[in-house]
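1. how does the following fold in three dimensions:
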Amino acid sequence: DFYDDTGEAAIAVAIETMVAEYRSPDLRIAVTGQPIFEGTEDLMMRRQGLYFLGTVVAILFVLYLAFGQLQGVVIPSATALLSTAWAMGFMGHTGIPLSTWTAAVPLIVVTVAAGHSAQMLKRYYEDFRRLGRREAAVIESTSRIGIVMMAAGATAGSGFAALATLGIPTFTHFGSAVASGIFGAVVFEMTFMIALRALWPVRRDTDGEGPLSEGLGHVIRPLHAIVARHPRVVVAIFGVVALAAAAGYPRLTTEFIQRQYLAESTQFGRDTIVVERHFPSTTTLTILLEGEPGSMKSPAAIRLMRGLTDTMAEDPDVGRTSSIADIIQRTYEVFVPEEAAGGLPDDTRLIAQLFFLGHSPAFERYLDRAYSRAVVRGFLSREDSSVTRRVMNRIESYLEQNPPNTIQVSVAGGVGPRLLALNEHTVRGKTLNIAVVLVVILAIASALLRTLLGGAYVVAPLVMALVVNLGLFSWLGVAFDIVGATIAAINVGIGADYAIYFLYRLREEYRSTAEIETALATTMETSGRAILFVALAVGAGFAVTIPSDFHGLQLMGMFVPATMIVSCLTALTLLPSLVLLLRPRFIFDSDEGRS
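-> Numbering: from 1, shown residues only. Below is the predicted model:
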């Protein structure tokens with residue numbers, strides 16, 4: 001036990017210093033508990049700097065392969081690093097602390113910002129090759145794609161900012177910090193980077209295409225051929241994929257098991273395994289009883305405590321229970337063992353005598369001094385929200401069958417209920433957050449394309465990516481819990497821009513040529529190529545977190561790249577297939593199209 005004003009970091013350091021003196025090859029000392037977990041989390045957070053460097057290197061490598069020249073590396077990376085500095089400065093000014101989650105802010109900002117900047121630069125190179133003059137290319141490219149980039153940035157930033165609606169400080173800090181970085185990227189791209197492109201000479205013989213861009217042509221051309229010739233087949237394939245993903249939904253769980261997020265590669269993870277093996281049932285569930293002063297010494301209160309502990313003990317994952325009734329029972333056994341064999345007495349005076357005879361400092365763990373409040377504790381086998389939920393349902397059922405008359409009963413806390421409440425609140429909040437993000441994207445895209453149907457087309461890849469994401473969660477046994485739900489929401493925010501860039505360019509090319517086949521081919525070769533290497537850059541940037549000791553970052557490193565692949569392929573195949581089949585007016589802009 002520690003004084004309330006002692007910080008977790010100070011406790012962790014003091015304990016580790018003390019224990020290190022006694023550790024030896026023949027003596028293993030395992031240390032666990034919340035302060036030690038906080039100390040381990042702090043160490044993991046500091047390692048995020050290495051992952052950030054890995055992310056930057058991965059992005060630089062992809063940018064060089066994509067553009068094949070220094071400018072194509074410097075400008076997007078400058079936007080990414082300045083936006084990251086902006087986000088970190090925002091955190092400093094607003095007092096947002098560094099934690100395991102907020103330490104991931106630089107990873108997200110640097111990848112998203114680099115992606116938006118790469119889209120701008122790709123269009124600049126196209127216009128430079130066509131116009132031959134740097135200033136004209138800057139003006140033309142900015143006027144054409146600047147509004148799209150601002151809309152895409154506003155969409156992604158708003159999606160992360162919506163995390164604040166959860167009311168959980170960790171996610172509020174995380175979402176607002178990422179949003180500030182994305183908004184900063186938009187500001188930098190529309191000011192400083194425009195000036196930099198205007199001042200930086202570009203060789204007339206450059207084409208702004210690196211080996212990766214050329215290699216992506218071998219992907220773009222088959223995709224274009226399939227879409228142009230067999231749009232119905234493409235739609236059918238996506239329908240089959242969606243059905244296969246949905247078939248796994250009955251397997252999807254929302255339960256949170258904290259043990260899964262403790263990496264065995266850390267000292268804390270290994271020590272926790274030792275402690276759990278030798279000291280099971282340490283996850284607490286606390287029930288609070290409240291009544292009039294002195295009411296906790298009444299036979300009714302004692303019967304209620306005994307009933308609650310017996311009800312919890314019926315569950316196989318409840319290792320033990322405790323309450324003041326246990327101490328009174330033991331006191332009764334000491335003084336009158338024969339009568340105690342029949343259970344606690346129902347006599348008010350006799351119970352009062354037992355309270356007097358058994359009084360000790362241990363009472364303070366269960367009672368207040370006015371005997372008006374008492375706690376009943378259950379100790380669960382593991383930190384699993386499904387176990388906590390099941391035990392709490394048992395308690396509620398018991399109280400419905402045996403309603404207390406004058407005593408108020410509530411589940412007051414403990415590790416189990418706290419994790420359950422946090423997980424349920426987060427999953428509900430993230431589900432709402434995903435819905436809000438989709439509505440925001442629908443509204444912004446509809447305004448950009450000037451039709452609600454256009455907004456629906458933009459949302460379609462995100463919905464498809466979400467369907468596949470949940471399917472992967474289901475089939476791979478990953479819970480849609482506090483971490484999984486957050487990753488799903490992050491994926492929706494990151495992948496929001498592919499469809500916007502593609503549809504806007506397709507409409508522009510069709511209005512220029514009036515030939516949908518030509519417009520689609522040009523769009524695939526330009527915007528489609530940019531979408532592919534942006535998805536590769538974002539995926540590579542997040543994949544570096546897979547070796548992290550924090551399981552949440554491991555999952556992010558696996559599922560963000562997977563979502564990027566699904567989002568970009570949907571934007572490049574399903575969207576144009578729907579355009580060819582349905583001929584929406586916001587693209588064709590003629591009376592022949594169907595809305």
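2. show me the strands in the stretch 351-500 of the chain, by range?
-> Applying DSSP state E, counting those that start in this stretch to the stretch 351-500 of the chain gives strands spanning 373-380, 408-413.
3. tell me what angle the first one forms with strand 408-413.
-> For strand 373-380 against strand 408-413, the angle by axes from the mean of the first three to the mean of the last three CA atoms, to 10 degrees is 50 degrees.
4. can you list contacts of strand 373-380?
-> For strand 373-380, the surrounding residues in contact (CB atoms under 8 Å, 6 or more residues apart in numbering) are 281-291, 296, 301, 305, 308-309, 312-313, 317-324, 365-368, 387-388, 391, 412, 414, 416. All C-beta atoms are positioned from the backbone trio N, CA, C, and that covers glycine.
5. buried residues in stretch 522-536?
-> Under the neighbour-count criterion of 16 or more other CB atoms under 10 Å, stretch 522-536 has 522-536 buried.
6. so the residue lying closest to residue 23 once chain neighbours are set aside: helix, strand or coil?
-> Leaving aside its chain neighbours, residue 23 sits nearest to residue 29 (5.5 Å; criterion: CB to CB, 6 or more residues apart in numbering). With DSSP: H, G, I helix; E, B strand; the rest coil as the basis, residue 29 sits in coil.
7. list only buried entries from the contacts of strand 373-380.
-> Looking at the contacts of strand 373-380 with 16+ other CB under 10 Å, the buried ones turn out to be 281-287, 289-291, 296, 301, 305, 308-309, 312, 317-319, 321-324, 366-367, 387-388, 391, 412, 414, 416.
8. worst-scoring helix or strand of the chain, pLDDT-wise?
-> In the chain, no helix or strand scores lower on mean pLDDT, DSSP states H and E than helix 482-494, which sits at a mean of 76.
9. and that helix, what does it pack onto?
-> For helix 482-494, the elements it packs on are helix 105-131, helix 134-161, helix 415-449, helix 452-476, helix 551-569, judged by 3 or more CB pairs under 8 Å, 6 or more residues apart in numbering; DSSP states H and E.
10. what comes up buried for the shortest one?
-> Of the residues in helix 551-569, those scored as buried under the neighbour-count criterion (16+ other CB under 10 Å) are 552-569.
11. immediately after it, which helix or strand?
-> Next helix or strand after helix 551-569 toward the C-terminus (DSSP states H and E): helix 575-582.
12. nearest to residue 182, out of the strands of the stretch 351-500 of the chain?
-> The closest of the strands of the stretch 351-500 of the chain to residue 182 is strand 408-413. By CB to CB, the value is 36.8 Å.
13. which strands and helices sit next to that closest one?
-> Here strand 408-413 touches strand 283-290, helix 385-401, going by 3+ CB pairs under 8 Å, 6+ apart.
14. tell me how far the helix or strand that the first one is followed by lies from the chain's centre.
-> Translated: strand 283-290. Heading C-terminal from strand 283-290, the first helix or strand you meet, by DSSP H and E, is helix 299-313. Distance, stretch centre to chain centre, for helix 299-313: 40 Å (CA atoms, centre = their mean, to the nearest Å).
15. which neighbours in the sheet does whatever helix or strand comes next after helix 299-313 have, and how are they oriented?
-> Once the chain leaves helix 299-313, the next helix or strand it forms, by DSSP H and E, is strand 318-322. Paired neighbours of strand 318-322 in the sheet (DSSP bridges): strand 373-380 (antiparallel).
16. next up, the contacts around the residue nearest to residue 23.
-> Counting by CB under 8 Å, 6+ apart, residue 29 touches 19, 22-23.
17. OK, contacts around the residue nearest the centre of the chain?
-> The centroid of the chain falls nearest to residue 486 when counting by CA atoms, centre = their mean (2.3 Å). Listed by CB under 8 Å, 6+ apart, the contact partners of residue 486 are 163, 171, 426, 430, 552.
18. what's around the residue lying closest to the last one once chain neighbours are set aside, how many residues?
-> The shortest distance from residue 552 to any residue other than its chain neighbours is 4.4 Å, reached at residue 483 (CB to CB, 6+ apart). Burial of residue 483, expressed as a neighbour count using other CB atoms under 10 Å, amounts to 23.
19. state the distance from residue 483 to residue 553.
-> 9 Å (CB to CB, to the nearest Å).
20. phi, psi of the residue in the chain sticking out farthest from the centre?
-> Within the chain, the residue lying farthest from the chain centre (CA atoms, centre = their mean) is residue 338, at 58.7 Å. Reported as degrees, to the nearest 10, the phi and psi values for residue 338 are phi -70, psi -50.
21. distance of it relative to residue 348?
-> If you measure residue 338 against residue 348 using CB to CB, the figure is 21 Å.
22. before we move on, what about residue 357?
-> 15 Å.
23. contacts for stretch 77-92, please.
-> Contacts for stretch 77-92 (CB under 8 Å, 6+ apart): 56, 59-60, 63, 96, 98, 102, 105-106, 109-111, 113-114, 116-117, 173, 176-178, 180-182, 184-185, 188-189, 192-193, 196.
24. list the buried residues of it.
-> Buried residues in stretch 77-92, counted by 16+ other CB under 10 Å: 77-84, 86-88, 90-91.
25. and of those residues, the nearest to residue 584?
-> Nearest to residue 584 among those is residue 79, at 32.8 Å by CB to CB.
26. now the closest one, nearest residue through space, not along the chain?
-> Leaving aside its sequence neighbours, residue 79 sits nearest to residue 117 (CB to CB, 6+ apart; 3.9 Å).
27. what does the pLDDT read for that neighbour?
-> As predicted, residue 117 sits at a pLDDT of 89.
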